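A.B. asks: Next comes the sequence, and after it the predicted model I'd like to discuss.
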Amino acid sequence: MVEFTQEQEMIRQTVRRICREKLAPKVAEVDQTCEYPWDILEEFAKADLTRMFFPEKYGGLGKDLITNTMVVEEIASFNTATAHSFGGVANSRHPVLIAGTEEQKSKYIPMLIKEKGVVCLSITEPNAGSDVAGMETRAVKDGDDYVINGSKCFATNGSVAMLYFIFAVTRPGEGARGISCFLVEKGTPGLTPGRIEDKVGLRASNVSELSLEDVRVPAENMIGEEGKGFRICMTTLDKARLDAAAMGVGLARGALDYAMEYARSRVQFKQPVADFQGMQFLFADMATRLEAARSLTYETARRMETDDAEAPKFCAMAKLFSSDMAMSVTVDAVQALGGYGVMRDHPVERMMRDAKILQIFDGTNQIQKVVISRALLK
């Protein structure tokens, strides 16, 4: 089990205070309106949370992945959609850090910190979801530029981002080896956000279509070498999967806490529902699955922090196990509330809807099993 330092506990208490005071009162409302949480992100920025995970060299605070995971978990215990949006700010450094030039890092990371910028990592296409190597968006060299044409879907932060990491084919016919990554700034002619998706869960997080029509990007905005985009994509997804695991843990914790509090106050047959052994056993199973997922998630964060060779496998395992756990725990939380569990007056039905998304995004759980099995058998 992870043991947080005194500094980490102080950070967690800060996150909890902001979420309790500013986020909790409006969670149900933003789930209905799908309003992007700019005001909450501003509160996080005031507390230095949005620059906490950028390197000190570029104006960040250089905090580690354990702290990052803890913050995501804490936010998700109040609202998973906001935790997802927070990741679009706090983790926007990742592709540039792992593959960017020093010039790119020096230009864009301070910009992201100063403007609390949201980034869109755009991979998925209508005909290329789990099959990333099957993407059809093309980037063609034209003098000192590349011209990008294609369409993307399910682009997280697609209509609110200030910077876009666009993955496109530069070497047709070479599969994964033909994909490159480009950094495209908001407002670049031809880059047009499309329909904002009306999702079953994570409704306050922004997901949209993207149209790319003759988008001209300087060659110097390529991230990494030509043809290395797939590796950048997969490494970035590892971090996203760790975040998804932390969201699952936080979400399940929030659902369990709410269900137990309800069971203590709900009286049936002249006693609190929590006094019935059947309900106690239900909570025991929920708590056990939650703690198992939590341990795996923080072990994964530790391995990523130390660049462990098995970290990608653990990221897939943590995402798979934690999201499945969150789904089962939230379903049980709905059951624990009985008829009230399916009413929007109580948050557990929203939590159940959010959990379903966790099983699908950043690679479906079936894809996670492919990643895990290949790592085991190679």
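C.D. replies: Arrived safely.
A.B. asks: Run through the helices of the chain in chain order.
C.D. replies: Under the criterion DSSP state H, helices of the chain are mapped to 6-18, 27-33, 38-46, 65-76, 80-90, 94-99, 102-115, 229-265, 277-305, 311-336, 348-358, 365-377.
A.B. asks: right, so of those helices, which gets closest to V169?
C.D. replies: When those are compared by C-beta to C-beta, helix 229-265 sits nearest V169, at 8.9 Å. For every residue, glycine as well, the C-beta is placed using N, CA and C.
A.B. asks: now the angle from the closest one to helix 365-377?
C.D. replies: Counting by axes from the mean of the first three to the mean of the last three C-alpha atoms, to 10 degrees, helix 229-265 lies at 120 degrees to helix 365-377.
A.B. asks: Return the set of buried residues in helix 229-265.
C.D. replies: For helix 229-265, burial by neighbour count (16 or more other C-beta atoms under 10 Å) applies to 229-233, 235-256, 258-260, 262-263.
A.B. asks: could you check the angle helix 80-90 makes with that helix?
C.D. replies: 150 degrees.
A.B. asks: and helix 229-265, how far from the chain's centre?
C.D. replies: Averaging C-alpha positions (C-alpha atoms, centre = their mean, to the nearest Å) puts helix 229-265 8 Å from its chain's average.
A.B. asks: And for stretch 148-165?
C.D. replies: In terms of C-alpha atoms, centre = their mean, the centre of stretch 148-165 is set 15 Å apart from its chain centre.
A.B. asks: which stretches of the protein have low pLDDT?
C.D. replies: 1, 91-93 (pLDDT under 70).
A.B. asks: Quick check: S208 vs S122, distance?
C.D. replies: 10 Å (C-beta to C-beta, to the nearest Å).
A.B. asks: and the nearest residue to M304 once chain neighbours are set aside, what does it touch?
C.D. replies: Leaving out its chain neighbours, the residue that sits closest to M304 by C-beta to C-beta, 6 or more residues apart in numbering is A311, at 4.7 Å. Taking C-beta atoms under 8 Å, 6 or more residues apart in numbering, we find A311 in contact with 238, 300, 303-304.
A.B. asks: Show me which pair in those is furthest apart.
C.D. replies: Those two in those that are separated most widely, counting by C-beta to C-beta, are D238 and R303, at 10.3 Å.
A.B. asks: where does the residue lying farthest from the centre of the chain fall, phi/psi-wise?
C.D. replies: Most distant residue from the mean C-alpha position of the chain: K270, 43.9 Å away (C-alpha atoms, centre = their mean). Main-chain dihedrals, K270, degrees, to the nearest 10: phi 70, psi 20.
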